[in-house]
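K.L.:
just to be clear, the model below is a prediction. Sequence and coordinates:
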Amino acid sequence: MPTPQKIERHPLQPFLPENARLLMLGSFPPPKERWCMNFFYPNPQNDMWRIMGQVFFGDKQHFVDGKVFKYDDIVSFCRKQGIAIFDTAQAVRRLLDNAADEHLEIVERTDIAAILQQIPQCHDICCTGGKAAETLAEILHTPTPKVGEFVETTFADRTIRFWRMPSTSRAYPLSFDKKAAAYQRMFNELPKRRIEVVAAVIFDEQGRIFATQRGYGEWKDWWEFPGGKMESGETPQQALRREIHEELDADIEVGELLRTIDYDYPKFHLTMHCFRCKLAGSHVTLLEHKAAKWLAPNELQSVRWLPADEDLIEELACTHPQ
C-alpha cells in the first residue's frame, strides 16, 4: 500500500465578506500543481466557476480566460453576492497523491462556529461534495440532506439551513446542466443580499435640494441623492464625506439623520441612511453622474427618482425652503 503523505494544512485563509449570506464549504483544495489561480475551486477541471457563470450570467465561460479562471472577477463577484468560502478541513493527510475526497483523511476540522461569528448575516451553508457534507453533518449533529436539498437546524446561536449540493468535480456523475439547475434553485431560495448605503440630501441657502442623475447601469437616467456604500470601519458621516468627494469633487458638512429607508429591490434589500447636508464651498464637478440640478421642494417630483427615494421625496416636497 502506498505510504500516506505528510499532513497538509490549509493553504488559504477563509474568504469571509462582511455581507455574506451564504457559506460555501468544500472538503480541501487539490494539490497546488493542479491550481490555475490562488483561490477556492482552483482546479481548471472543476466546474464551480463555470456553474456560477451559467447561473448568474447565462454564460459558463464568464469566469474563464483560456485555461485559467478570472481571479479578480471571481473575488469581486463573491463580495457582491455575499458568498463566503472555505472548507470543512483545516488539515488533512492524502492517502493517495490526488485530489479525490475519498483519499483524504481529515486530521483537523474547521471551527465552523468561529467562521460564522465573522459573518453574522449568514444563515445558509452549502457543502459542495459528499465528504464535506458528511463532515458538516457531524459538526452540526444533523442528518446529511439529500443532494439538492437542505435540512434546518440550530447551530452557533442561529438558525442554519444546511444544503447538500452536487459536487462540481467532473468526476461526479451528473450533467453540467443538472448541476447548474441545482445551484440555481438554491440561490433562488436564499434571502436577498443586503446593501447598506448613505445618501446626502444637500440643501442650499434657498432650501433647494441637489439631485443627481445616473448615467450608467440598470437605473440609468433615474435621479437620486448622491452617496454610496460605507467601507469597513467608517462612520456614516465619514462615508458620506468620502463618497461626495469621489462623486462630486466637493466637500460637505454632514448634519442630522433625516431618515433611514429600507427598500426591497428585485435583487437586493437596500438600507439607506439619509443625512441633511450642505456644501462646504461652491465647487462641484460631476465625476460619476450624467447630470445634476438644484430643485425647490415643489419641483422635486418633476424628475423620476429611484424607487427607494420616493417616500422621502414626498416628505421633502411638503416642506418649505428654509
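P.N.:
Perfect, thanks for sending it. Numbering: from 1, shown residues only.
K.L.:
can you show me the helices along the stretch 151-300 of the chain?
P.N.:
Counting by DSSP state H, counting those that start in this stretch, the stretch 151-300 of the chain has helices at residues 176-189, 236-248.
K.L.:
spatially central residue for the chain, please.
P.N.:
G82 (2.2 Å; CA atoms, centre = their mean).
K.L.:
before we move on, the earlier item: mind putting the helices of the stretch 151-300 of the chain in TSV, mean neighbour count and mean pLDDT included?
P.N.:
Any C-beta I mention is one placed from the backbone N, CA and C, and that applies to glycine too. TSV is the format used below for the helices of the stretch 151-300 of the chain (neighbours: other CB atoms under 10 Å; pLDDT from 0 to 100):
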stretch	mean neighbour count	mean pLDDT
helix 176-189	16	95
helix 236-248	19	94
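K.L.:
I209 is nearest to which of the ones you listed?
P.N.:
helix 236-248 (14.2 Å; CB to CB).
K.L.:
what's next to the closest one, contact-wise?
P.N.:
198-200, 212, 226-231, 234, 250-252, 254, 257, 273, 275, 277, 284-289 (CB atoms under 8 Å, 6 or more residues apart in numbering).
K.L.:
buried sites along stretch 57-70?
P.N.:
Buried positions in stretch 57-70, judged by neighbour count with 16 or more other CB atoms under 10 Å: K60, H62, F63, V64, F69, K70.
K.L.:
wait, D204 touches K278, no?
P.N.:
Yes. Taking contacts as CB atoms under 8 Å, D204 lies within contact range of K278: 7.2 Å.
K.L.:
list of residues touching stretch 143-154?
P.N.:
Contact partners of stretch 143-154, identified using CB under 8 Å, 6+ apart, comprise 124, 133-134, 137, 140-142, 159-166, 182, 185-186, 189.
K.L.:
break the protein into its domains for me.
P.N.:
7-191, 194-317 (automatic domain parsing).
K.L.:
ok so, going back, quick one, which of the contacts of stretch 143-154 are buried?
P.N.:
Using 16+ other CB under 10 Å, the buried members of those are 124, 133-134, 137, 140, 142, 160-166, 182, 186.
K.L.:
out of these, which are inside strands?
P.N.:
Among those, the members falling in strands (DSSP state E) are D124, I160, R161, F162, W163, R164.
K.L.:
of these, which is the nearest to P297?
P.N.:
D124 (43.8 Å).
K.L.:
thought that closest one was touching L23?
P.N.:
Yes. Counting by CB under 8 Å, D124 does reach L23; the two are 7.2 Å apart.
K.L.:
re the thing from before, just put the ones in strands among the buried ones among the contacts of stretch 143-154 in CSV and tack on pLDDT and distance to F28.
P.N.:
Conversion of these to CSV gives the following (pLDDT from 0 to 100; distance: CB to CB, whole Å):
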residue, pLDDT, distance to F28
D124, 96, 21
I160, 95, 22
R161, 96, 23
F162, 97, 19
W163, 97, 19
R164, 96, 17
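K.L.:
once you drop chain neighbours, what's closest to H141?
P.N.:
T153 (7.7 Å; CB to CB, 6 or more residues apart in numbering).
K.L.:
how close does the one you found get to V197?
P.N.:
Going from T153 to V197 by CB to CB, to the nearest Å gives 33 Å.
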